[in-house]
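1. Using only what follows, build the 3D model:
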Amino acid sequence: MVGNKINRVVLVGTGAVGCSYAYAMINQGIAEELVLVDVNAAKAEGEAMDLNHGVPFAPSPTKVWSGSYKECKDADLVVITAGLPQKPGETRLDLVDKNAKIFKTIVREIMDSGFDGIFLIASNPVDILTYVTWKESGLPKERVLGSGTTLDTARLRYMVGEYLEVDTRNVHAAIIGEHGDTEFAVWSQASIGIESLDKVIERRNNPEDRAKLDEIFVNVRDAAYHIIERKGATYYAIGMALARVTKAILGNENSILTVSSLLEGQYGQEDLYIGVPAVVNRGGVREVIEIDLNEEEKAKFNHSAKVLKELIAKVYS
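-> Alright, predicted model coming up:
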């Protein structure tokens with residue numbers, strides 16, 4: 001709670017990702033009110049009942065109920081996880097046509113409620129659907145953001161920390177670009193604690209380090225495929241990533257997170273939502289941070305942007 005302000009979050013979509021997010025929100029006591037909306041109203045109602053029964057164990061009380069798009073009128077934040085999930089063998093980009101149509105309908109209904117808050121998008125392909133949300137809502141760019149590469153960055157930090165045997169929270173590295181097959185690690189700017197990753201590798205003097213880092217990146221990029229193959233879907237970590245972004249917004253934290261943000265000339269790109277480091281606060285995206293990329297990284301970023309732009313053109317052709 002900020003002052004006497006009650007924070008209301010509306011979650012659209014009570015599938016595995018949405019419910020993992022709701023569970024993380026209650027466990028961390030991030031908002032005072034959480035409204036669940038789903039095309040299957042009975043499912044949303046059942047999830048709200050189940051979550052409410054855990055509130056006595058939460059750090060602070062969260063009022064949870066199932067509702068409709070009308071509840072968005074007084075919402076500070078609307079989080080959308082609705083849409084068709086990724087199936088085994090399917091890329092996030094394969095989902096674009098189906099989910100773009102679903103999103104156009106959802107966003108219009110939300111805006112019809114009189115909603116004037118912030119949108120946080122998680123459904124895939126997230127960069128495209130965040131762009132669709134921005135276009136359809138008519139809201140300022142800073143008030144529409146996507147989960148971007150927050151999860152990919154967490155996966156990278158976890159795996160590098162495991163390999164180097166350091167606390168994952170002291171691994172300062174990022175994945176940027178499309179949340180998908182064209183993303184990449186910004187190794188040139190990575191650091192462990194306050195020491196550059198290059199210096200750490202030099203000091204360790206292990207000839208296998210570079211190859212191992214490349215292998216780690218591939219495992220990060222393909223993590224969703226590996227998990228989907230084994231258990232059908234990924235949801236716990238993305239739920240926690242969304243809770244982290246929500247906390248940064250509602251707490252006015254000015255945290256730097258790799259969210260999907262609109263570019264207006266940064267990184268030589270414009271009219272495009274893509275995962276980049278950005279300062280996130282109560283207003284949404286305060287600013288996009290344009291970090292120095294080496295030539296190889298610039299080429300990878302441009303390739304990622306090109307893939308996304310081609311898909312945006314397809315949705316709005």
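2. any idea whether residue 35 is helix, strand or coil?
-> strand (DSSP: H, G, I helix; E, B strand; the rest coil).
3. can I assume it is in contact with residue 8?
-> Yes: with contacts counted by CB atoms under 8 Å, residue 35 reaches residue 8, the gap being 6.8 Å. C-beta here means a position set from N, CA and C on the backbone, and glycine is covered the same way.
4. Of those two, give the one with the bigger neighbour count.
-> residue 35 (25 against 21; other CB atoms under 10 Å).
5. ok, which stretches of the chain are strands?
-> Using DSSP state E, the strands of the chain run over 8-12, 33-37, 63-66, 77-80, 118-121, 144-146, 171-172, 175-176, 184-185, 191-192, 195-196, 255-264, 270-281, 284-288.
6. Just list the residues touching residue 186, thanks.
-> Residue 186 is in contact with 173-176, 291, 293, 297, counting by CB atoms under 8 Å, 6 or more residues apart in numbering.
7. Give me the spatial nearest neighbour of it, chain neighbours excluded.
-> Distances taken as CB to CB, 6 or more residues apart in numbering put residue 174 closest to residue 186, at 5.2 Å, once the chain neighbours are dropped.
8. mind listing what the closest residue to residue 141 other than its chain neighbours touches?
-> Once flanking residues are discounted, residue 141 sits nearest to residue 262: 4.1 Å by CB to CB, 6+ apart. Contact partners of residue 262, counting by CB under 8 Å, 6+ apart, are 131, 134, 141, 144, 271-273, 285, 288.
9. Next: residue 137.
-> Applying CB under 8 Å, 6+ apart, the residues near residue 137 are 107, 110-111, 119, 144.
10. and what of residue 24?
-> Going by CB under 8 Å, 6+ apart, residue 24 touches 30, 239-240, 242-243.
11. Kindly recompute the last result at 7 Å.
-> 239-240, 243 (CB atoms under 7 Å, 6 or more residues apart in numbering).
12. Quick one: buried ones out of these?
-> Buried by 16 or more other CB atoms under 10 Å: 239-240, 243, out of the contacts of residue 24.
13. pLDDT weak spots in the chain?
-> Along the chain, segments meeting pLDDT under 70 span 1-4, 92.
14. Would you mind measuring from residue 304 to residue 249?
-> According to CB to CB, to the nearest Å, residue 304 stands 25 Å off from residue 249.
15. cool, residue 101 as well?
-> 28 Å.
16. do the same with residue 228
-> Distance from residue 228 to residue 249, counting by CB to CB: 29 Å.
17. neighbour count winner among those two?
-> residue 249 (27 against 17).
18. you'd agree the more buried one is up against residue 118?
-> Yes: using CB atoms under 7 Å, residue 249 makes contact with residue 118 at a distance of 6.1 Å.
19. list the residues that contact both of the two?
-> Here residue 249 and residue 118 share the contacting residues 77, 284, scored by CB under 7 Å, 6+ apart.
20. Do a quick rundown of the helices in this structure.
-> Here the chain has its helices, by DSSP state H, at 16-28, 41-52, 96-112, 126-137, 150-164, 197-204, 209-221, 223-231, 236-250, 295-315.
21. Flag every buried residue along the shortest one.
-> I take that to be helix 197-204. By 16+ other CB under 10 Å, the buried positions in helix 197-204 come out as 197, 200-201.
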